[in-house]
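K.L.:
generate a structure from the sequence data that follows.
(2 chains)
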Amino acid sequence: MTALVALRGIVKRFGTLTANDHVDLDVQPGEIHALLGENGAGKSTLVKILFGLLQPNEGTIRWQGREVMLSGPDAAAALGIGMVFQHFSLFDNLTVAENIGVAMPKGDGLADLEARIAAVGKRYGLALDPSRPVWTLSAGERQRIEIVRALLREPKLLILDEPTSVLTPQEAETLFSTLDTLAAGGCGLLYITHRLEEVRRLCHRATILRAGKVVAACDPRQESVAALASLMVGSEVAEVRPAAAHALGPVRFSLNGLTLPSSDLHGVALKAVSLEVRGGEIVGIAGVAGNGQAELFGAMSGEDLAASAEAVTIDGKPVGRDGIDARRKRAAAFVPEERNGHAAAPRMTLSENVVLSRHGDGMARGGLVDLRAAKDMAQAIIKAFDVRKGKVDPPAGTLSGGNLQKFVVGREMLRKPGVLIVNQPTWGVDPGATATIRQALIDLAASGAAVVVISQDLDEIYAIADRIAVIHDGELSKAYPAREIGREQIGLLMAGAGHAHAA
Amino acid sequence: MRLELVPRGDVSPVARVLSPVAAVAAAILIGGIIVAIMGRSPLQALQVYFVEPLTQGWALQELAIKATPLLIIAVGLSFCFRASLWNIGAEGQFIIGALTGSMVPLALHGSGAGPWVLAAGLVAGALGGLLYALIPALLRVAFGVSEILTSLMLVYVAELTLDYLVRGPWRDPKGFNFPQTVTFDWTLPYIAEGDRLHAGILIAPLVALAAWFVMRRTLFGFGIRVAGESPKAARFAGFSADRMVIAAFCISGACAGLAGIVEVFGQIHQLKPGISPGYGFTAITVAFLGRLHPAGMVFGALVVALTVIGGENAQIVMQLPLDLTRVFQGVLLMCVLAADALVSYRVRVVGGGR
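P.N.:
Coordinates of the predicted model:
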């Protein structure tokens, strides 16, 4: 059988870095093919080449046996290659049909388009109301727009980049059955993900990249998750060690009926959020992206102030009206979701980024920055968390995602905080770094700190949390002991079903 | 076919330092073409613009005098630009500084007050510029009004206010109806007898040095840099965005105001319309030519001052219009910005399409 698409000897260099080193990849019609690899293994580069966004330095691309040049996304789309990106590119104020219309070739009427959207939706089980404005939709529905947009061009090959990262378990199931239908119809699918369970559940074949090279191709249904993970990393991945039994301390961090209107037009308002976290425990906050996680983090960190001081307490002291600096002085530490541009300033050096969050404890004195102290601290963090980097003190933005995340987490950990609030601690981070970070969180809690982990990754929450609460549309459920709540129930809470019978 | 800008990632510091030099060279080339189109010899223009002023003693002094206000204003502007705030109104702050600073000697004219009048005038000038710059800052913080528009429009308000005062209430009664004030009792002393160099030129390097210290070593300067680089990171660091806006505009306005009163006390010795040949605008070029770095801005101020003197020279020797100098300064700014972009980004030609 002729492969739908066959990449042979693809090489892509960026300066001295070889992102793809003689990569071969075949996708057959009707096949769901997983592309696996750590961050920086070269998956995105390869996909961008396949979608015409990058041109390879060497190698050939054969489409249905014929050699082709992909000069741009238009050329790829003309052949029948479609792509669903990890981050949505949608206009919030436009309707579903309008959003799809702007990406289609000119000349299609909107009414005609709505009919076609409905038809595609029906065929593949993608329920969408074409006339709804996008800002009223959930993440899962937004993703459906992206998928429908790609399907309307009747692709023969569909590339999906981490499609489940924003979905509830139930939404993910719906997506999987859509993909199964597509594959059964003869469409080839290239599926990129970090979630190995999904690969085993969904994919027929897997190609694994490490450091730009193909290191293995296998049938994921025949492999264990641990085997797949070690193929990706190239060594055994350390499991996180659960903490030794330790007694819980007093409540160190609490939210008491915290209500916060959204500052952003399409943001989420927090509604009477309450939570108590005791010293020695990790509370995980699960939820689908865009349900108020960013707002909750801002309110907990003090980047956004609450209406009353009592709404947030640290070690019993009301701090709701105190800014982030004042909360840090009470031994609280914070790690936001975005590494570049929030937790760190990408063009500033690592030592300057130490000053960023730690000018209150020793990195600045009398209004003057203590650069030497910051440099020493940066080296200490790099050593403690095994941060890999090129130069001695490079700009933060030049580090890979996992290494910068280790640095950012390490920066706060080395303060030995009494309260730590983390949003998406291992988002887009490779398995090795993930294990390091999770272990650090567990050890910190075991030493008596109160830890809150906001995460969209249920596996992560189950791996480290003692109790689990779910955020949906700005409301937080009660926190259940992790052993007593199953995935199914969490999935229902994530979808908003919990409020009818919530205590 | 279309063009795309692709980030280069790691940029060598050498390229960053050389980019303004390349920009000056490119601007001279374009300027030469314009002169050639006007039917004059580009080589002679080059000689008149850039070589002659550097070979004559009086012109070198003039260079320092012209570079002084440019440098003081540019150093102030760099605080705003570093924080990604676009203060386009330094010209207005310059004029208001000259105005408020002049109030002191005008009020005390003929009273026999000592040289402290000068010190008080300098402080009043800086304060006036600061308060004037506070208007766009407060409007932005309170109502989200674009500081670009307000600061620019306030330039015209300042110009017309100066015009009104020197034609009306502040006019010298014995000045044969010329729109100007009395000549002040005290002016900045000359550094050497018979020269034109006044003590004001010593202020500019001090301001640049102070700015370097504040920007590199203080937590405040760190905050300004973070705010410009990434506002969310600045918020995470605990720096209030509103306070940064106000502080950056205050510094910027105080510098422009100081430059205004130094110019009046050192050079003009009275108030009259047209005390600034557009220093407040030209300083924007200086700031970017110097990559917003104090040492770089010293270089930038000297280069731009050279074009001002060379332009005057070219008017006399080659009968080239003053507008050509303005055009050249504009071309220079464009080249600086383009060189900056090309150092950070690579141009990629995306072929075909369909």
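
K.L.:
kindly check the end-to-end length of stretch A:329-336 for me.
P.N.:
With CA to CA, to the nearest Å as the measure, stretch A:329-336 spans 18 Å from end to end.

K.L.:
counting neighbours, which bits of it end up buried?
P.N.:
Applying a neighbour-count criterion of 16 or more other CB atoms under 10 Å in any protein chain shown, one finds A:Arg330, A:Ala331, A:Ala332, A:Ala333, A:Phe334, A:Val335, A:Pro336 buried in stretch A:329-336. Every C-beta, even on glycine, is put in place using the N, C-alpha and C of the backbone.

K.L.:
repeat for stretch B:22-38
P.N.:
Buried residues in stretch B:22-38 (16+ other CB under 10 Å): B:Ala22, B:Ala23, B:Val24, B:Ala26, B:Ala27, B:Ile28, B:Ile30, B:Gly31, B:Gly32, B:Ile34, B:Val35.

K.L.:
show me which residues of chain A sit near chain B.
P.N.:
A:14-15, A:71-72, A:74-75, A:78, A:301, A:303, A:323-325, A:328, A:334, A:336, A:338, A:341-348, A:352, A:355-357, A:359-360, A:364, A:367-369, A:371, A:398 (CB under 8 Å from any CB of the partner chain).

K.L.:
same thing but at 7 Å, please
P.N.:
A:71-72, A:74, A:303, A:323-325, A:336, A:341-345, A:347-348, A:355-357, A:359, A:364, A:367-369, A:398 (CB under 7 Å from any CB of the partner chain).

K.L.:
would you mind giving me the ChimeraX syntax to select the buried ones in the residues you listed?
P.N.:
A single ChimeraX command is used to select the members of the residues of chain A next to chain B judged buried by 16+ other CB under 10 Å:
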select /A:72,303,323,324,336,341,342,343,344,345,347,348,355,356,357,359,364,369,398
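
K.L.:
B:Gly300 - how many residues pack around it?
P.N.:
By other CB atoms under 10 Å in any protein chain shown, 28 other residues sit near B:Gly300.

K.L.:
brain fart, B:Gly110
P.N.:
7.

K.L.:
what's the pLDDT at it?
P.N.:
On the pLDDT scale, B:Gly110 is placed at 84.

K.L.:
quick check: it vs B:Trp186, distance?
P.N.:
Counting by CB to CB, to the nearest Å, the gap from B:Gly110 to B:Trp186 is 12 Å.

K.L.:
what number of residues lie near A:Gly185?
P.N.:
Neighbour tally, A:Gly185, other CB under 10 Å: 11.

K.L.:
ok, now A:Leu189?
P.N.:
23.

K.L.:
show me what it bridges to in the sheet.
P.N.:
Beta-bridge partners for A:Leu189, by DSSP bridges, are A:Ile32, A:Leu158.

K.L.:
mind checking how far the worst-scoring helix or strand of chain A on mean pLDDT is from the chain centre?
P.N.:
Within chain A, no helix or strand scores below helix A:225-233, which has a mean of 80 by mean pLDDT, DSSP states H and E. Chain-centre distance of helix A:225-233: 20 Å, with CA atoms, centre = their mean, to the nearest Å.

K.L.:
where's the residue most central in space within chain B, which helix or strand?
P.N.:
In chain B, the centroid-proximal residue (CA atoms, centre = their mean) is B:Ala283; its distance is 2.2 Å. Using DSSP states H and E, B:Ala283 falls within helix B:279-289.

K.L.:
and the one residue in chain A that gets nearest to chain B, what does it touch?
P.N.:
Closest residue of chain A to chain B, CB to the nearest CB: A:Asp325 (3.6 Å). When contacts are counted by CB atoms under 7 Å, 6 or more residues apart in numbering or on different chains, A:Asp325 touches A:Gly360, B:Gly238.

K.L.:
doesn't it fall inside a strand?
P.N.:
No. Assigned with DSSP: H, G, I helix; E, B strand; the rest coil, A:Asp325 falls outside any strand and is helix.

K.L.:
how about the residues of the stretch 201-350 of chain B by chain A?
P.N.:
Contacts of the stretch 201-350 of chain B with chain A, taken as CB under 7 Å from any CB, map to B:217-220, B:222, B:226, B:229-230, B:232-233, B:235-238, B:350.
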